[in-house]
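Asker: The sequence isn't on hand, but the structure is:
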């Protein structure tokens, strides 16, 4: 059973995004809905990671997913096959989502019905880092093929992420990637960031990430 | 001998970017300077591709390189070691360069002195596609690890690129990547796009790209 709505997101009318994000976060807290903002470059494995995450957590939590993309609905199709309620958000060329845009998605998916909602943000390491979506927590994925120098080049994204997943560790034999260096670079920007090394393809190393998420969701929804 | 200036780019004052881009392109044509706008996701191999390209073409053409980044100067350091004149452009958080911003870089590098100038754009498949930089030609890199579905998800980038390099073909054994499907998806958006399969790491398949570039530079500078 794979079905999902496609929502065309409108530009926000709010002038103060930070204020709007705080209001949205407060409402989500009250509804006991944990919102995760998941960010990364194009092709680093957000959708595959999400698929495994839903499979691992769907007996414990009710889960909704908002797939944001410039165009297409390939990700919404994939995710809806997990059985999680899914909607596709089209940003109409915009490179990120702010709190007002996120609210349009949450209203459409009826977020209050879920314990856990994921916003899969637009594939981009620059713009999404600059706009608070109102999420409870931010997570990002850096994949091994992208290189261990990315925290140097996109520092804001690593600074605002509560959790960094280093994905595609199954491909390490064909890339030069320095685990120790990448962790040092992340921690220098953001000493509190949790870092997990995973392969969303094989499932390796994902238990730490699931446990981190379980704790965040349970703490938020208390 | 590795040295380079770091230029802090200011926001453009021009209201009509398309018009400004046309003016800039006309000036470059008159000076016989071919400007290539090179775009891609973070970590797809722009800098490694550029290093090999400079090594292959530096006896034939005088080459200047402008490395654009949100922050850091790791790429400018790498490229300056090739001997090509290099400057680092810092965009101050902005996710792309428009024609006015490109002009600031060209003035700084004294572009008129070169046959061939490369603008390595910010790593991003969304915003750079929306702004004409005034370049003679646009090229983009899609790397195998990012997946063959990217033309579906970031169609504008593939539509405006004259040449698409599929990089990291040396890693194909560890990824599911459909060569035929990706070419079909690119050609559907942009029937005139040239597509080359390369490995900037091993050098495989790069001769076709070098020849394409040679022809573009020679035609422009006639």
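Answerer: Thanks, I have it. Just so we're clear, the structure is a prediction, and the values are computed from it rather than from any experiment. Residues are numbered from 1 along each chain as shown, chains lettered A, B, ... in the order given.
Asker: what kind of secondary structure is the most centrally placed residue in chain A in?
Answerer: Centroid-nearest residue in chain A, with C-alpha atoms, centre = their mean: residue A:38, separated by 0.9 Å. Assigned state for residue A:38: strand (three-state reduction, DSSP: H, G, I helix; E, B strand; the rest coil).
Asker: pretty sure it is in contact with residue A:120, am I right?
Answerer: Yes. Judged on C-beta atoms under 8 Å, residue A:38 makes contact with residue A:120 at a distance of 5.2 Å. (Each C-beta comes from the backbone N, C-alpha and C, glycine too.)
Asker: shared neighbours, those two?
Answerer: A:46, A:50 (C-beta atoms under 8 Å, 6 or more residues apart in numbering or on different chains).
Asker: pLDDT weak spots in chain A?
Answerer: A:1-2 (pLDDT under 70).
Asker: 90 instead, please
Answerer: Scanning chain A with the threshold set as pLDDT under 90 gives A:1-4, A:6, A:9-15, A:70-74, A:92-95.
Asker: Near chain B, which residues of it? Just list them.
Answerer: Listed as neighbours of chain B in chain A under the rule C-beta under 8 Å from any C-beta of the partner chain: A:41-44, A:69-72, A:74-75, A:93, A:95, A:122-127, A:130, A:143, A:145-147, A:149-150, A:152-156, A:168, A:170-171, A:173-175.
Asker: can you tell me which residues contact the residue nearest to the centre of chain A?
Answerer: When contacts are counted by C-beta under 8 Å, 6+ apart, residue A:38 touches A:46, A:49-50, A:118-121, A:139-141.
Asker: Between the two ends of stretch A:83-92, how far is it?
Answerer: Stretch A:83-92 has an end-to-end distance of 27 Å (criterion: C-alpha to C-alpha, to the nearest Å).
Asker: Next: stretch A:25-45.
Answerer: Distance across stretch A:25-45, first residue to last, is 26 Å (C-alpha to C-alpha).
Asker: And stretch A:86-104, by the same measure?
Answerer: For stretch A:86-104, the end-to-end distance is 14 Å (C-alpha to C-alpha).
Asker: For that stretch, which residues meet the burial criterion?
Answerer: A:86-91, A:94-104 (16 or more other C-beta atoms under 10 Å in any protein chain shown).
Asker: just checking, which of the residues you listed belong to helices?
Answerer: Per DSSP state H, helices hold the following members of those: A:99-104.
Asker: Among these, which one sits closest to chain B?
Answerer: residue A:101 (14.5 Å; C-beta to the nearest C-beta).
Asker: could you list every residue that touches the closest one?
Answerer: A:9-12, A:89, A:91, A:94, A:133.
Asker: how far away is it from residue A:9?
Answerer: Residue A:101 is 5 Å from residue A:9, where distance means C-beta to C-beta, to the nearest Å.
Asker: now swap in residue A:118 and tell me
Answerer: Going from residue A:118 to residue A:9 by C-beta to C-beta gives 16 Å.
Asker: the more surrounded of the two?
Answerer: Counted by other C-beta atoms under 10 Å in any protein chain shown, residue A:118 and residue A:9 do not tie: residue A:118 has more neighbours, with 26 against 21.
Asker: which residues touch the host helix or strand of that one?
Answerer: Per DSSP states H and E, residue A:118 falls inside strand A:116-120. Strand A:116-120 is contacted by residues A:33-38, A:46-47, A:50, A:53, A:57, A:61-68, A:75, A:79, A:97, A:102, A:105-106, A:109, A:111, A:133, A:135, A:213, A:217 when judged by C-beta under 8 Å, 6+ apart.
Asker: how far off strand A:116-120 does the helix or strand that it is followed by point, in degrees?
Answerer: Counting by DSSP H and E, the next helix or strand C-terminal to strand A:116-120 is strand A:137-143. Angle between the axes of strand A:137-143 and strand A:116-120 is 50 degrees (criterion: axes from the mean of the first three to the mean of the last three C-alpha atoms, to 10 degrees).
Asker: ok now stretch A:33-52, how far from the chain's centre?
Answerer: 4 Å (C-alpha atoms, centre = their mean, to the nearest Å).
Asker: how far does stretch A:7-23 stretch from start to finish?
Answerer: Per C-alpha to C-alpha, the first residue of stretch A:7-23 is 22 Å away from its last.
Asker: For that stretch, buried residues please.
Answerer: So, applying 16+ other C-beta under 10 Å, buried residues of stretch A:7-23: A:7, A:9, A:12, A:17, A:20-21.
Asker: Please compute how far it lies from its chain's middle.
Answerer: The answer for stretch A:7-23 is 18 Å, by C-alpha atoms, centre = their mean.
Asker: Check stretch A:15-31 too.
Answerer: Relative to its chain's centre, stretch A:15-31 lies at 18 Å (C-alpha atoms, centre = their mean).
Asker: likewise stretch A:40-57?
Answerer: That offset, for stretch A:40-57, works out to 9 Å (C-alpha atoms, centre = their mean).
Asker: Restricted to buried residues, select the residues of chain A next to chain B in ChimeraX.
Answerer: Command for ChimeraX, covering only those of the residues of chain A next to chain B found buried under the criterion 16+ other C-beta under 10 Å:
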select /A:41,42,43,44,69,70,72,74,75,95,122,123,124,125,126,127,130,143,145,146,147,149,150,152,153,154,155,156,168,170,171,174,175
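Asker: and the residues of chain A next to chain B, which of them are in helices?
Answerer: Checking those against DSSP H, those in helices are A:74-75, A:150, A:152-153, A:155-156.
Asker: Using JSON lines, please lay out those residues together with distance to residue B:188.
Answerer: Output for these, formatted as JSON lines (distance: C-beta to C-beta, whole Å):
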{"residue": "A:74", "distance to residue B:188": "15"}
{"residue": "A:75", "distance to residue B:188": "19"}
{"residue": "A:150", "distance to residue B:188": "31"}
{"residue": "A:152", "distance to residue B:188": "37"}
{"residue": "A:153", "distance to residue B:188": "32"}
{"residue": "A:155", "distance to residue B:188": "37"}
{"residue": "A:156", "distance to residue B:188": "35"}
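Asker: which of those sit farthest apart?
Answerer: Greatest spacing in those, by C-beta to C-beta: A:74 and A:152 (31.2 Å).
Asker: Confirm residue A:7 sits in a helix?
Answerer: No. Using three-state DSSP, the assignment for residue A:7 is strand, not a helix.
Asker: tell me the contacts of it?
Answerer: A:87-90, A:104-105, A:108.
Asker: In strands, which of the residues you listed appear?
Answerer: A:87-90 (DSSP state E).
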